[in-house]
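Trainee: Provided below are the primary sequence and the corresponding predicted coordinates.
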Amino acid sequence: MKFGIDRLIAEPELRKPLEGRRVALVAHPASVTGDLTHSLDALAALPGMKMTAAFGPQHGLRGDKQDNMVESPDFDDPMHGVPVFSLYGEVRRPTGQAMHTFDVVLLDLQDLGCRIYTFVTTLLYVLEAAAQHGKSVWVLDRPNPVGRPAEGLTLRPGWESFVGAGPLPMRHGLTLGELGRWFVRHFNLDVDYRVIEMQGWRPDEGPGYGWPLGERVWVNPSPNAPNLWMARAYAGTVMLEGTTLSEGRGTTRPLELFGAPDIDARAVIAEMRRLAPGWLAGCALRDCWFEPTFHKHVKQLCAGVQIHTEGPVYDHARFRPWRAQALAFKAIRRLYLDYPLWRDFPYEYELEKLAIDVINGGPGLREWVDDPAAEPGDLDALAQPDEAAWLEERREILLY
């Protein structure tokens, strides 16, 4: 198959509208061609391509900031001599000064298919700035590595943030190019928008179900996104960032596992299976031990649970990561009534709201966990209407 960047390079007719125009690129370390050349280098080498600027989202254009919520500075690219503006530093939105450095901006970002992944919000901010300044936006499309399923509560009005760009469910099932189409329509943006589509993307086919296993190399789109299995679990495990539980940062399997020094992992798994065994379909849970080298519970031995989504245990159609992780929270609350589960700290520049609520786009998930009388069916009653409405709404903007 071909990603958008590969088609733009291989098909000169696609590039004709760029002739004589100043071009910028929004990219990160996973923005590579099929032969693993960084997209900025590949584009700059094209005849007639006038690259005048670049932008780096969270974690940077070329280099990774290992921890979460660490800002990156502006700099001049030493190889091509173009300014690189950080969209995760002093500003989150492109400034007027930066917008005057180009006519067309290309976005080549590998997403993980989850609302909270900040590249989604960066896309919206670039679209809004382009509409304001009369610039063109092209998305060089890439796969949604977790395919088409959708899951989770829709972000509620008033809960917009840098990890919640709009009323999307946690797992949206769209590519970044399709998300741009939805943003343009939903927010009624007057912007010249174009998607360079992929060729041969088959999100319903195994073994990748969204990611072309065996055809393309996985490059981390962020430092703690090391493989496809993490991406599959992420729409659930990202909620751990709003808790006191370790999400495995400081281990070799971040965001595939969770744990703490003061829980009994086997008891947690048993309670999860007792409460809602159907929510655990399509994956395997394994109790384990780990010691983070940094971040939460650093240098402490943690009892943990790993969510396995690889090999024969994985069922793409049945796996529901958001429910699986929600069930883990509910099990811990049932086993340890007063456990200090929710982490109270500034999360993505939100100072007044609990991080777990910012992540979920509202308090519904937390309230369900903390309500002793609430059962799994009550969370289904909240989420299922949102999920059904989203599947209907997104139909008209699908490209594949």
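Mentor: That came in fine, so what should we check first?
Trainee: okay, CA-based contacts and neighbour counts for the rest of this
Mentor: OK.
Trainee: residues in contact with residue 135?
Mentor: Contact analysis of residue 135 by C-alpha atoms under 8 Å, 6 or more residues apart in numbering lists 99, 102, 103, 104, 105, 191, 192.
Trainee: against residue 398, how distant is the third one?
Mentor: When C-alpha to C-alpha, to the nearest Å is applied, the distance between residue 103 and residue 398 equals 27 Å.
Trainee: now residue 306: which helix or strand?
Mentor: strand 302-308 (DSSP states H and E).
Trainee: mind listing the strands the lowest-mean-pLDDT helix or strand in the chain pairs with, and their directions?
Mentor: Lowest mean confidence among the helices and strands of the chain (mean pLDDT, DSSP states H and E): strand 75-76, at a mean of 82. Sheet pairing for strand 75-76, assigned by DSSP bridges, gives strand 83-86 (antiparallel).
Trainee: who touches the next helix or strand after the partner strand?
Mentor: Counting by DSSP H and E, the next helix or strand C-terminal to strand 83-86 is helix 96-99. For helix 96-99, contacts defined as C-alpha under 8 Å, 6+ apart pick out 85, 129, 130, 133, 135.
Trainee: neighbour count: residue 103 and residue 398, which is higher?
Mentor: Set residue 103 next to residue 398 and count neighbours by other C-alpha atoms under 10 Å: residue 103 wins out with 19 against 14.
Trainee: list the contacts of the closest residue to the more buried one other than its chain neighbours.
Mentor: Once flanking residues are discounted, residue 103 sits nearest to residue 22: 5.1 Å by C-alpha to C-alpha, 6 or more residues apart in numbering. Going by C-alpha under 8 Å, 6+ apart, residue 22 touches 50, 51, 52, 101, 102, 103, 104.
Trainee: how does it look with 7 Å?
Mentor: Going by C-alpha atoms under 7 Å, 6 or more residues apart in numbering, residue 22 touches 50, 51, 52, 102, 103, 104.
Trainee: and the strands in the stretch 101-250 of the chain?
Mentor: 104-108, 136-140, 192-196 (DSSP state E, counting those that start in this stretch).
Trainee: how far away is the residue of the chain most remote from its centre from residue 47?
Mentor: Within the chain, the residue lying farthest from the chain centre (C-alpha atoms, centre = their mean) is residue 20, at 34.1 Å. Residue 20 sits 11 Å away from residue 47, going by C-alpha to C-alpha.
Trainee: now do residue 157
Mentor: For residue 157, the distance to residue 47 (C-alpha to C-alpha) stands at 47 Å.
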